[in-house]
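*Asks:* the following block contains a protein sequence and its predicted model.
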Amino acid sequence: QKEVEQDPGPLSVPEGAIVSLNCTYSNSAFQYFMWYRQYSRKGPELLMYTYSSGNKEDGRFTAQVDKSSKYISLFIRDSQPSDSATYLCAMKASKIIFGSGTRLSIRP
Amino acid sequence: GAGVSQSPSNKVTEKGKDVELRCDPISGHTALYWYRQSLGQGLEFLIYFQGNSAPDKSGLPSDRFSAERTGGSVSTLTIQRTQQEDSAVYLCASSLERGTYEQYFGPGTRLTVT
């Protein structure tokens, strides 16, 4: 079993929809939970991070961490075609472990 | 300022040949990572450098893979006797220090072994 599991998609939604991206994990030592966004032919870039449990909001993006269920989510409100990318969750204890990424496509 | 740069952006090589991939990290970043990204496999950790400490080579898949970092800055990943399964995007990232959660990635080198 991988330490971090992420549905690879692809996920296709119409513009303006709410998007929910999720990851599960097995290592209870993870303390930092991150979401990276990767556009085609580019390297990943940090989108959001959360320390321990709880929610964090940044504009149209909300990150949630539920440590009791070992489950993290990224919500995108009012999705735009420019949000089309691969989203990778990442988690850190002593080192960072990345999920496999979910490919998201927003249809105009 | 300048971000992480990698060269070449694309590399096509014949099976059995050696290849060298280069990474220029952000100036002042002491930590440097190499990852491999294959379709649907996520980011596979290869090797990590932190300052003058011995590198963490725990992710290197075989002894055909090696890396060095000269002067605490530029790094080179070398793959000897390339195999078709080595075809992937090789990403380099740097960060200010080991403990940080944020890594800055380069655009990657797309390696194709024919």
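*Replies:* Yes, it's here. Numbers count the residues shown, from 1 in each chain, chains lettered A, B, ... in the order given.
*Asks:* hey, let's count contacts and neighbours off CA atoms from now on
*Replies:* Noted.
*Asks:* which residues are in contact with the least confident helix or strand in chain B by mean pLDDT?
*Replies:* Ranked by mean pLDDT, DSSP states H and E, the weakest helix or strand in chain B is strand B:42-50, scoring a mean of 91. Strand B:42-50 is touched from outside by A:88, A:98-101, B:30-37, B:55-61, B:67, B:69, B:97-98, with contacts defined as C-alpha atoms under 8 Å, 6 or more residues apart in numbering or on different chains.
*Asks:* buried among those? Need that as a selection in ChimeraX.
*Replies:* Buried residues among those (16 or more other C-alpha atoms under 10 Å in any protein chain shown), as a ChimeraX selection:
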select /A:88,98,99,100,101 /B:30,31,32,33,34,35,36,37,55,60,67,69,97,98
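*Asks:* take the contacts of strand B:42-50 and keep only those in strands.
*Replies:* Secondary structure from DSSP state E places A:88, A:98, B:31-37, B:67, B:69 of the contacts of strand B:42-50 in strands.
*Asks:* got CSV for these, with pLDDT too?
*Replies:* Shown next, in CSV, are these (pLDDT from 0 to 100):
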residue, pLDDT
A:88, 96
A:98, 93
B:31, 92
B:32, 95
B:33, 95
B:34, 97
B:35, 96
B:36, 97
B:37, 95
B:67, 97
B:69, 94
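*Asks:* relative to strand B:42-50, how tilted is the helix or strand residue A:105 falls within?
*Replies:* Following DSSP states H and E, the helix or strand that holds residue A:105 is strand A:102-107. Relative orientation of strand A:102-107 versus strand B:42-50 (axes from the mean of the first three to the mean of the last three C-alpha atoms, to 10 degrees): 120 degrees.
*Asks:* isn't residue A:107 up against residue A:14?
*Replies:* Yes. Taking contacts as C-alpha atoms under 8 Å, residue A:107 lies within contact range of residue A:14: 4.6 Å.
*Asks:* how about the residues of chain A near chain B?
*Replies:* A:8, A:32, A:34, A:41-46, A:88, A:92, A:94, A:96, A:98-101 (C-alpha under 8 Å from any C-alpha of the partner chain).
*Asks:* whichever of those residues end up buried, select them in ChimeraX.
*Replies:* Here is the ChimeraX command that selects the buried residues among the residues of chain A next to chain B (16+ other C-alpha under 10 Å):
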select /A:8,32,34,43,44,45,46,88,92,96,98,99,100,101
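*Asks:* looking at the residues of chain A next to chain B, which are in strands?
*Replies:* Among the residues of chain A next to chain B, DSSP E puts A:32, A:34, A:45-46, A:88, A:92, A:96, A:98 in strands.
*Asks:* circling back: ok, and what's touching the strand holding residue A:105?
*Replies:* By C-alpha under 8 Å, 6+ apart, strand A:102-107 touches A:6-15, A:21, A:79-88.
*Asks:* how far off centre is the least confident helix or strand of chain B?
*Replies:* 7 Å (C-alpha atoms, centre = their mean, to the nearest Å).
*Asks:* for residue A:25, which non-adjacent residue is closest in space?
*Replies:* Using C-alpha to C-alpha, 6 or more residues apart in numbering or on different chains and skipping the chain neighbours, the partner closest in space to residue A:25 is residue A:4 (4.4 Å).
*Asks:* ok, residue A:33 next?
*Replies:* Spatial nearest neighbour of residue A:33, excluding adjacent residues (C-alpha to C-alpha, 6+ apart): residue A:91 at 4.6 Å.
*Asks:* can I assume residue A:82 sits in a strand?
*Replies:* No. Per DSSP: H, G, I helix; E, B strand; the rest coil, residue A:82 lies outside any strand segment and is helix.
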